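**Q** Build me a model from this:
(2 chains, ligands or ions: 2)
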Amino acid sequence: MNITLQVWRQESADRPGRFVTYQVTDIEPDMSFLEMLDVLNERLIAQGEEPIAFDHDCREGICGSCGVMIDGLPHGPQLGTATCQLHMRKFRDGDTIVVEPWRAAAFPVIKDLVVDRSAFDKIIEAGGYISVDTGSAPDANLIPVPKEVADTAFDAAACIGCGACVAACPNGAANLFTAAKVAHLNLLPQGQAERWRRTEAMVETMEQYFGSCTNHGECEKACPKGISIDFIAMMNRDYAKAKVKNRRLLSQSN
Amino acid sequence: MTYTISSRQLDSKIPGGPLEDKWENHKFSIRLVNPNNKRKFKIIVVGTGLAGASAAATLGELGYNVEVFTFHDSPRRAHSIAAQGGINAAKNYHNDGDSVFRLFYDTIKGGDYRSREANVYRLADVSLNIIDQCTAQGVPFAREYGGYLDNRSFGGAQVSRTFYARGQTGQQLLLGAYQALLRQVAAGTVKLHRRTEMLDLVVKDGRAVGIVTRDLISGEIRSHSAHAVVLATGGYANVFFLSTNAMASNVTAAWRAHRRGAAFANPCFTQIHPTCIPQSDEFQSKLTLMSESLRNDGRIWVPKRADDNRPPDQIPEEDRDYYLERMYPAFGNLVPRDVASRAAKRMVDAGKGVGPLKNGVYLDFSHAIERLGIDVIADRYGNLFEMYERITDENPYKVPMRIYPAPHYTMGGLWVDYNLMTTIPGLYALGEANFSDHGANRLGASALMQGLADGYFILPYTIGDYLADFLGDPVVPTDDPAFREVEDEVRGRISGYLNTGGTRSVDWFHRELGKILWDHCGMSRNEEGLKKALAEIPALYEEFKRDVRVLGTNESLNQSLEKAGRVDDFFELAQLMCLDALHREESAGGHFREEYQTEEGEALRRDDLFAYVAAWEWTGNPQAPALIKEPLEFEYVTPSTRSYK
Ligand SMILES: Cc1cc2nc3c(=O)[nH]c(=O)nc-3n(C[C@H](O)[C@H](O)[C@H](O)COP(=O)(O)OP(=O)(O)OC[C@H]3O[C@@H](n4cnc5c(N)ncnc54)[C@H](O)[C@@H]3O)c2cc1C
Ligand code: FES
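**A** Ligands and ions are numbered 1, 2, ... in the order given. All right, here's what the predicted structure looks like:
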């Protein structure tokens, strides 16, 4: 396969960026998208040109490091697939492909396709955990968790923190990311003690860094793990409740 | 071979008393740091995988003043995130005869009697606490309908003791540890340094006193000092270039510590995982693991006849060889990894390989689907099947998967004593970075267990015993000459790569190094091949030093520069691996020396000569290290020939 790539090149955060066009010839359809970039980089190095910087690590769609806009879509055209799992067989010989970094105010560009996503960690710091010091846990089977609850909590916990949801959102909102963690912990019996505190703190921290959600729903489509937008509704409900719930009654069911 | 025997002795500090009391006795007898004094101690933790994140979080909870470093953009990205299959614990929730002793026994045996009994027993013992802790953190382990925790059996075990979270157990455990870590960051007990790579260790008066790092965005070289340094920097399987490890996994932190005096143990004990997707072309950047749990329901086979080119569904039962079931009737498809891997190699070498490049064997689910129905199989392995299909464009519900072994895990690593301290006082190593517990072969689902055992439950106790001596002592200031010298060396190394001005990329060298190592120090090894590798690697290394091309500058994000340093260290490590493999004239676990095999082609251990840990000291010449032997004694388990028949 031969393709034309238009890649965003930017030296550093404080320098302007621009698109650069590369002809990438003799690509195998079985290569992954990132392997195609590796090949291009090898060729650039051979020509004395600095290779394109992009984040990646596991190349199995689980670490959340990778992620670029491919023809305007976060992680490219294949649904439920991170950039590292996308293969060139999804493109056609002769295609022109536009590759850009995530575009979001909260994710400044560091270099080329690499952005700074540390604002996500801030949201987790605000309350994305269950406070249990090492050593203080009771036997794991003491608190049964119905399978359906565990499965739904897992569905939310599957988030890889790549930032595609933010990149897809016209407002640069991080509601899907935040909701996934809030739902994971708020659904579980172990997460009840901090439920209202957590929801308030995480939502408010999210709002400090990210835009507001206006229910476009682009995030769900962009998510490589298929995290459901229903979790956002769940988070909103818990946030509204958090504002009125009496913390002293937390151990009573509803 | 030019190694020397070191005059040094190793003290593994194994406590006295009966096996099951050693850890309790030890915890009682070692010194503690009073809660109010903990904040006066500064501890550096390098790495935020399961081992590093759990250690840093726990040390922070205890009140220590912790600084944690990762080269990733977030602690959550560590390679641990990719672990699929599960984590072992001797809970015996399924009443199938499991116990701490059985897990201990299985681990010692699985490791082919090349690990310490006391360490392994402790590991099995604290496995119980790990599951409790992680469940309390909200790790969504699989549950049964009654709401209780589900288990499955995993390669090499005859009991169901593996806890799992679909095929993403590592992810969920790491997120639990990451969340606990960020809770401490918010509490101010832990300071987090992202995109910061440790490039060297600083030793003063024989003690570890800090590290030198490079800020991967600005290029700034900086010193950090502390009362103790903990390395939890993962394994070195990427020395093979193609492996199942994440692309950035590397040996630099451990290797630099080695060069500063930390002994490196059993480097040739590397694990080749039997179930990976075979390589498809030259450009392949990494190999993808298909969880071993697949072997619970999948059946492995090849055509009986070499060069049988029929598609799998046209090969009738009588023309198939379910070779593991045939050769190992008791364990069948669940034999330990090293045994399964070598058997696959034998089939492919005999021309029975399948797939376009004839470099794989089949892993077939059709019988399981018939027996259990497609829904059960989808529930158990759905995400793995999807992953497979995405990569190969083949649907494993319909066509058998193709698998082949690939480098996966490294049992070798920095030598540590029972307290997890290396041979440099004040320097600790946890998780895959150390050599302890797995001997010559690791059992499935035991790395996650070990990383979390080290980080949550072992180091936080044992480190106090060392620190207690330094109460009131300030840390060594970073303008001390000890730091300045190391900083200068690091700067010199970096400008060296940038100024070489050669013609070949770092990846090119890495790939070539990987080929040599895979051919001669991979799944099976022999004297001639190892000697060849020991001649070829230095030649390639010289070329690397002369001809590597690293473009760009130090002062901005420069991924080629990062890789150059990592590959540089892989070159030295690779030589030690070959030397260790050459010196170990026996077969044990993942180390298979062709000269030492039984008539049936199984590994032949030589306990009379090699029942020891080979700990290597740096002498300045990577081809002439000094060997220290730590004898292994077995009081509770009698070494026998592993038999999985
Ligand atoms: C695909 C795959 C599947 C696996 N599945 C299982 C399984 O099912 N069960 C099981 O028990 N085991 C499994 N393993 C093995 C297991 O995942 C690893 O052994 C384990 O996670 C290692 O954890 P760790 O904390 O020691 O290191 P890692 O998770 O590798 O973390 C290393 C950390 O160190 C940091 N680091 C390294 N060097 C430096 C440096 N110089 N400066 C700064 N930071 C540095 C990295 O940023 C990272 O944070 C699997 C492994 C692979 C490859
Ligand atoms: S590289 Fe890890 S998710 Fe893509």
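
**Q** wait, doesn't residue B:320 sit right on residue B:301?
**A** Yes. Using CB atoms under 8 Å, residue B:320 is in contact with residue B:301, at 4.6 Å. The way it works is simple: take the backbone N, C-alpha and C, and place the C-beta from them, glycine included.

**Q** more neighbours, these two?
**A** Higher neighbour count among residue B:320 and residue B:301: residue B:301, with 26 against 17, using other CB atoms under 10 Å in any protein chain shown.

**Q** hang on, isn't the more buried one packed against residue B:317?
**A** No. Look at residue B:301 against residue B:317 with CB under 8 Å: they stay out of range, at 9.5 Å.

**Q** Quick check: neighbours shared by these two?
**A** Common neighbours of residue B:301 and residue B:317, counting by CB atoms under 8 Å, 6 or more residues apart in numbering or on different chains, are absent.

**Q** What residues does the closest residue to chain B within chain A make contact with?
**A** Among the residues of chain A, residue A:144 lies closest to chain B, at 2.9 Å counting by CB to the nearest CB. By CB under 8 Å, 6+ apart, residue A:144 lies in contact with B:143, B:146-148.

**Q** any idea which of these has the most stuff around it?
**A** residue B:143 (21 neighbours).

**Q** Quick check: that one touching residue A:148?
**A** No. Between residue B:143 and residue A:148 there is no contact under CB under 8 Å: 9.1 Å.

**Q** So what's the residue count around whichever residue of the stretch 151-254 of chain A sits closest to ligand 1?
**A** Taking CB to the nearest ligand atom, ligand 1 has its nearest neighbour within the stretch 151-254 of chain A at residue A:161, 14.3 Å off. For residue A:161, the neighbour count with other CB under 10 Å is 26.

**Q** Three-state assignment for the residue in the stretch 101-250 of chain A positioned nearest to ligand 2, please.
**A** At 5.9 Å from ligand 2, residue A:160 is the closest residue in the stretch 101-250 of chain A, using CB to the nearest ligand atom. Under the three-state scheme (DSSP: H, G, I helix; E, B strand; the rest coil), residue A:160 adopts coil.

**Q** Repeat that for residue B:214.
**A** Under three-state DSSP, the three-state class of residue B:214 is strand.

**Q** Which stretches in the stretch 51-200 of chain A count as strands?
**A** A:69-70, A:73-74, A:96-100, A:109-111, A:114-115 (DSSP state E, counting those that start in this stretch).

**Q** hey, which of those is tucked in deepest?
**A** strand A:114-115 (a mean of 25; mean count of other CB atoms under 10 Å in any protein chain shown).

**Q** Now do the phi/psi pair for residue B:29.
**A** Note on residue B:29: its backbone torsions stand at phi -90, psi -20 [degrees, to the nearest 10].

**Q** Tell me if I'm right that it and residue B:17 touch.
**A** No. The criterion here is CB under 8 Å, and residue B:29 misses it with residue B:17 at 10.0 Å.

**Q** Surely residue B:265 is in contact with residue B:438?
**A** No. The criterion here is CB under 8 Å, and residue B:265 misses it with residue B:438 at 11.4 Å.

**Q** shouldn't the residue of the stretch 101-250 of chain A closest to ligand 2 be in contact with residue A:66?
**A** No. If you go by CB under 8 Å, residue A:160 and residue A:66 don't touch, sitting 9.6 Å apart.

**Q** between those two, what contacts are shared?
**A** What both residue A:160 and residue A:66 touch, as defined by CB under 8 Å, 6+ apart, is the set residue A:82.

**Q** Which residue ranges make up the domains of chain A?
**A** Residue ranges for the domains of chain A, per automatic domain parsing: A:3-111, A:117-253.

**Q** Redo those domains as JSON lines? Include mean pLDDT.
**A** Listed next are the domains of chain A as JSON lines, based on pLDDT from 0 to 100:
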{"stretch": "domain A:3-111", "mean pLDDT": "97"}
{"stretch": "domain A:117-253", "mean pLDDT": "96"}
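
**Q** Which residue of residue B:265 and residue B:438 possesses the greater neighbour count?
**A** Using other CB under 10 Å as the criterion, residue B:265 and residue B:438 rank with residue B:438 on top: 33 against 26.

**Q** Tell me which residues touch residue A:96, please.
**A** Going by CB under 8 Å, 6+ apart, residue A:96 touches A:3-6.

**Q** Can you tell me which of those comes closest to ligand 2?
**A** Comparing the contacts of residue A:96 against ligand 2 with CB to the nearest ligand atom places residue A:5 closest, at 18.5 Å.

**Q** quick one: the closest residue to ligand 1 within the stretch 1-150 of chain A and ligand 2, what's the gap?
**A** Nearest to ligand 1, among the residues of the stretch 1-150 of chain A, is residue A:60, at 6.9 Å (CB to the nearest ligand atom). Relative to ligand 2, residue A:60 is positioned 6 Å away (CB to the nearest ligand atom, to the nearest Å).

**Q** Run the chain-centre distance for stretch A:217-234.
**A** 11 Å (CA atoms, centre = their mean, to the nearest Å).

**Q** Tell me which stretches of the stretch 51-200 of chain B form strands.
**A** B:65-69, B:87-88, B:162-163, B:190-193, B:196-204.

**Q** returning to what we had before: once you drop chain neighbours, what's closest to the residue of the stretch 101-250 of chain A closest to ligand 2?
**A** Leaving out its chain neighbours, the residue that sits closest to residue A:160 by CB to CB, 6 or more residues apart in numbering or on different chains is residue A:64, at 3.5 Å.

**Q** And for residue B:569?
**A** In space, and not counting its chain neighbours, residue B:569 is closest to residue B:255: 4.3 Å by CB to CB, 6+ apart.

**Q** Pull the number of nearby residues for that neighbour.
**A** Neighbour count for residue B:255, taken as other CB under 10 Å: 24.

**Q** quick one: it is in a strand?
**A** No. Under three-state DSSP, residue B:255 falls outside any strand and is assigned helix.

**Q** residues touching it, list them.
**A** B:264, B:569, B:572-573.

**Q** try residue A:156
**A** A:179-181, A:183-184, A:187, A:227, A:231.

**Q** what's the most distant pair in those residues?
**A** Across the contacts of residue A:156, the longest distance by CB to CB is 13.5 Å; it joins A:187 and A:227.

**Q** do stretch A:82-95 and ligand 1 meet?
**A** No. Stretch A:82-95 lies apart from ligand 1 when judged by CB under 6 Å from any ligand atom; the minimum separation is 13.4 Å.

**Q** Residues in contact with that stretch: which ones?
**A** Contacts to stretch A:82-95, defined as CB under 8 Å, 6+ apart, come from residues A:1-4, A:27-34, A:36, A:56, A:58-61, A:64, A:66-68, A:70, A:75-78, A:97, A:160, A:162, A:164, A:224, B:387, B:390-391, B:393.

**Q** Stretch B:297-304 too?
**A** By CB under 8 Å, 6+ apart, the surrounding residues in contact with stretch B:297-304 are B:310, B:315, B:319-325, B:333, B:340, B:344, B:347, B:352-354, B:361-365, B:367-368, B:372, B:377, B:380-381, B:400-401, B:403.

**Q** got the buried residues for it?
**A** By neighbour count on 16 or more other CB atoms under 10 Å in any protein chain shown, the buried set for stretch B:297-304 is B:297-303.

**Q** Please read off the pLDDT at residue B:27 from the model.
**A** Per-residue pLDDT puts residue B:27 at 96.

**Q** tell me the contacts of it?
**A** The neighbourhood of residue B:27, defined by CB under 8 Å, 6+ apart, consists of residue B:461.
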